[in-house]
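Engineer: would you be able to build a 3D model of this:
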Amino acid sequence: MREVVGADEGAREAIVVVDEQMARRALRAARRHVLRRPQTWAMLLGAVALIWLPTVTTELTGPGLSPHVLASSAGILLCATALCPVVALAMVRLSTSAAVARNLAPGQLVGVVVGPHSLRLRGHHCSHEVSYDLLHTVEQSDGIVVVAMTGRYWLLPAEVFDTASLVALRQRAGRRPFPQALLVG
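Structural biologist: Residues are numbered from 1 along each chain as shown. Predicted coordinates for the structure are as follows:
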């Protein structure tokens, strides 16, 4: 890890080179993060409902309800529900593999600055800065820090954070900064 003094007072940019192990850890962390999101499961259960709904409406508007018809409807519901985790894993594998391969490929540089008002990320192909009030959660698993925002998340190697900056990032996530006009010095 290399540190570079930034333009913000006291902010330092920590830079690491992504290796093969780090890329694999990032892929596992991305999959874990997506599978833990309620939106993933809500979407899949909605898909199960859409599969099951036509069979139920057909049976209810048909000539009558027989035990055979009810059993087939319950069987369709059970099969669709059982396939739900399999479909979730396949979707997560497809969606996260390409993103991690593109942004955290072995040999790329990742730089992070935990500044007083924002978090800055610099990679091989990108440079982003986000205010702390836009961050939802900061989680660490398997040597990867997952920073979640609305509709997206960043996977950052834990090696770019020292203990103090990771604690500061967790404390600042989701909080609005004080307006500069109210600070009298």
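Engineer: what residues are up against the residue nearest the centre of the chain?
Structural biologist: Centroid-nearest residue in the chain: Y153, 4.3 Å away (criterion: CA atoms, centre = their mean). When contacts are counted by CB atoms under 8 Å, 6 or more residues apart in numbering, Y153 touches A30, H33, V146, V147. Every C-beta, even on glycine, is put in place using the N, C-alpha and C of the backbone.
Engineer: tell me where this protein has helices.
Structural biologist: 20-36, 38-61, 67-103, 163-172 (DSSP state H).
Engineer: out of the ones you listed, which comes closest to R122?
Structural biologist: Proximity to R122 (CB to CB) singles out helix 67-103 among the helices of the chain, at 11.8 Å.
Engineer: buried sites along that closest one?
Structural biologist: Neighbour counts using 16 or more other CB atoms under 10 Å place V69, S73, I76, L77, A80, A88, V92, T96, V100, N103 of helix 67-103 among the buried residues.
Engineer: and for stretch 21-34?
Structural biologist: By neighbour count on 16+ other CB under 10 Å, the buried set for stretch 21-34 is M22, A23, R25, A26, L27, A29, A30, R31, R32, H33, V34.
Engineer: all set now, cheers.
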